[in-house]
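Engineer: how does the following fold in three dimensions:
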Amino acid sequence: MTIPRLPDSTTRWRCTRCGNLTRFDVRRDQVAHEFWHFDLSGEPVIEERNLASDAVQEVKCRWCGVGAVVELIARTVVE
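Structural biologist: Residues are numbered from 1 along each chain as shown. Model (predicted):
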């Protein structure tokens, strides 16, 4: 199974089985370095986040549940 790349400003995902363009389940593995600041009550705020790695493991269509049929296509520009 080929895992599609993440979409960017010129592309989007499409399920070739059902035609879905809007809903996908994405499983990603990320490694991040974060700076957490706790206020005096103990509430945390992440003030800085640096993503060391980000890998898409799986993309499945939310409508039909199939992952092997999701492809990356050109995004239509709406003016």
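
Engineer: just give me the residue closest to the centre of this protein.
Structural biologist: Val26 (5.5 Å; C-alpha atoms, centre = their mean).

Engineer: and the residue nearest to Arg49 when sequence neighbours are not counted, how many neighbours does it have?
Structural biologist: Leaving out its chain neighbours, the residue that sits closest to Arg49 by C-beta to C-beta, 6 or more residues apart in numbering is Glu34, at 5.0 Å. (Each C-beta comes from the backbone N, C-alpha and C, glycine too.) The burial count assigned to Glu34 is 11, neighbours taken as other C-beta atoms under 10 Å.

Engineer: contact partners for Glu34?
Structural biologist: 46, 48-50 (C-beta atoms under 8 Å, 6 or more residues apart in numbering).

Engineer: switch to 10 Å and redo it
Structural biologist: Contacts of Glu34 were listed using C-beta atoms under 10 Å, 6 or more residues apart in numbering, and they are 44, 46-51.

Engineer: equivalent analysis for Ala52, please.
Structural biologist: Contacts of Ala52 (C-beta under 10 Å, 6+ apart): 30-33.
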